[in-house]
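In: structure here, sequence nowhere to be found:
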């Protein structure tokens, strides 16, 4: 059965100023929207609909208490990914991009998948406050975590079960690994 979508808008990010800037470009199209905004990276072709459904359901379960959620995953080789920083008791504190991470933070294996669900009003309010004072000179979407917390609101990091779904495709080697994983998944569903 084919699903019908009521509308779809394409938004161009003419200048590549970071993920926070990219999401901010969508604000005019969502100016009259007051629900939850699901943000998904464009380079995760192995991502499963079931994973997104479960993630959004978990966020909505705590709708009154959470302004947003970040989808995280455990990755034994986290090189290149932002790290989920938690307090000693496990409370989600922030995301640190690898280029800005200390050597100790680089040892963290819980990664940011780049997938968020945030109340629209909260999202666009805190995006106005992010800066590009970081190692890459970009507006990081991940900075919204600390801004939401500073405003006294709650944001959670929810761990996904399968870190392979979040493998980005930035090199030819990563493309080969993703294709191998995809075909193995397909083979397992046929058998």
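Out: Right, received. Where do you want to start? Fair warning: this is a prediction, and the values are worked out from it, not measured in the lab.
In: packing partners of the longest strand seen in the chain?
Out: Using DSSP state E, we find that the single longest strand of the chain is strand 110-119. Packed against strand 110-119, as judged by 3 or more Cβ pairs under 8 Å, 6 or more residues apart in numbering; DSSP states H and E, are the following elements: strand 36-39, helix 49-61, strand 68-74, strand 83-86, helix 144-150, strand 155-159. Backbone N, C-alpha and C define where each C-beta goes, glycine included.
In: just want the angle from it to strand 155-159.
Out: Here strand 110-119 points in a direction 130 degrees away from that of strand 155-159 (axes from the mean of the first three to the mean of the last three Cα atoms, to 10 degrees).
In: off-centre distance for strand 110-119?
Out: 3 Å (Cα atoms, centre = their mean, to the nearest Å).
In: and if you look at stretch 79-89?
Out: 13 Å.
In: quick one: mean pLDDT over that stretch.
Out: Averaged over stretch 79-89, pLDDT sits at 95.
In: before we move on, back to that, what's the closest of the helices and strands packed on strand 110-119 to residue 188?
Out: In terms of Cβ to Cβ, the element of the helices and strands packed on strand 110-119 nearest to residue 188 is helix 49-61, at 14.8 Å.
In: can you check what angle separates that closest one from strand 155-159?
Out: Interaxial angle, helix 49-61 versus strand 155-159 (the same axes, to 10 degrees): 150 degrees.
In: report the buried residues of the lowest-mean-pLDDT helix or strand in the chain.
Out: Across the helices and strands of the chain, mean pLDDT, DSSP states H and E gives its lowest value to helix 172-190, namely a mean of 77. By neighbour count on 16 or more other Cβ atoms under 10 Å, the buried set for helix 172-190 is 178, 181.
In: show residues contacting it.
Out: By Cβ atoms under 8 Å, 6 or more residues apart in numbering, the list of residues contacting helix 172-190 from outside reads 45, 46, 164, 167, 168, 169.
In: please flag which of these sit within helices.
Out: Among the contacts of helix 172-190, no member is found in helices (DSSP state H).
In: re earlier: out of the helices and strands packed on strand 110-119, which is the most enclosed?
Out: For the helices and strands packed on strand 110-119, the largest average neighbour count (mean count of other Cβ atoms under 10 Å) is found in strand 68-74, namely a mean of 24.
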